[in-house]
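J.: below is the structure, and that's it, no one-letter string:
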């Protein structure tokens, strides 16, 4: 089945550690996105990528890094510089070109700092 | 960063009632999307709108692309308990790849 797969579902991180969240899609979508969701809040854009080897900062990029070496994959690293990393992280993808585009989401990764 | 104004923030309704929510933006959009999110899950796309004035249905759900291009509306008819969740709107402007999301409407249905 086509879709977006995020792993792991739950992730625990010790203070000062970097962790990487995985996002893979087999929808042949050009654009991929990372959003952060805090309890009772909306979705805030961290990074997005329109094409392989290119990505742009979103509204809350500080303390995060990404790479886009393959079309299918857009991993997010939460670095030790992110002071409040506990949140629900959502990956999405969409067709980049054309007028009628829709974004589809993965199941999310819940990151907790312990 | 910009977030869309979505209202109401939350609502309790009786099973069988109709529900209305809306989303407003300071920017003009050429795409409006509506999603539903269950606890601990990713948002699921409900309806996509691409043209000002467009009215689109998906079962008991109906959404409209506002004529000013700065707002959108979602209606749920004859609500049922499984409609419980958070509903998000999202908009995208022409020439960008960024989707801006609303703050969400939390719906609770009383049986």
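T.: Looks like it came in fine. Predicted model only: the values in this text are computed from it and were never measured. Numbering: from 1, shown residues only, chains lettered A, B, ... in the order given.
J.: mind checking the SS state of the residue in chain A positioned nearest to chain B?
T.: Closest to chain B within chain A is residue A:59: 2.6 Å, counting by Cβ to the nearest Cβ. Every C-beta, even on glycine, is put in place using the N, C-alpha and C of the backbone. Counting by DSSP: H, G, I helix; E, B strand; the rest coil, the backbone at residue A:59 sits in coil.
J.: can you name the residues that contact it?
T.: Contacts for residue A:59 were tallied using Cβ atoms under 8 Å, 6 or more residues apart in numbering or on different chains; they are A:44, A:45, A:46, B:1, B:2.
J.: filter the residues you listed down to the ones in helices?
T.: Within those, no residue falls in helices by DSSP state H.
J.: where does pLDDT dip in chain A?
T.: Low-confidence segments of chain A (pLDDT under 70): A:1-2, A:97-100.
J.: near chain B, which residues of it? Just list them.
T.: A:4, A:6, A:31, A:33, A:35, A:41-45, A:48, A:50, A:58-60, A:88, A:90, A:92, A:94, A:96, A:99-108, A:110 (Cβ under 8 Å from any Cβ of the partner chain).
J.: can you say which of the contacts of residue A:59 are buried?
T.: A:44, A:45, A:46 (16 or more other Cβ atoms under 10 Å in any protein chain shown).
J.: among the contacts of residue A:59, which are in strands?
T.: A:44, A:45, A:46 (DSSP state E).
J.: list the contacts for the first one?
T.: Residues counted as contacts of residue A:44 (Cβ under 8 Å, 6+ apart) are A:35, A:36, A:37, A:58, A:59, A:60, B:1, B:3, B:101.
J.: I figured the fourth one hits residue A:47, correct?
T.: To tie it back to what came earlier, the one meant is residue A:58. Yes. Residue A:58 lies in contact with residue A:47 (Cβ atoms under 8 Å); the separation is 5.5 Å.
J.: so what sits against both of these two?
T.: Both residue A:58 and residue A:47 are in contact with A:33, A:34, where contact means Cβ under 8 Å, 6+ apart.
J.: more neighbours: which of those two?
T.: Using other Cβ atoms under 10 Å in any protein chain shown as the criterion, residue A:58 and residue A:47 rank with residue A:47 on top: 22 against 18.
J.: average pLDDT for stretch B:23-31?
T.: Per-residue pLDDT over stretch B:23-31 has a mean of 93.
J.: what number of residues lie near residue 109?
T.: This is for chain A. Neighbour count for residue A:109, taken as other Cβ under 10 Å: 23.
J.: should've been chain B
T.: The local packing of residue B:109 (other Cβ under 10 Å) involves 20 other residues.
J.: and what of residue A:73?
T.: 14.
J.: partners of it in the sheet?
T.: For residue A:73, the beta-bridge partners are residue A:24, residue A:70 (DSSP bridges).
J.: how near is it to residue B:67?
T.: Distance, residue A:73 to residue B:67, using Cβ to Cβ, to the nearest Å: 41 Å.
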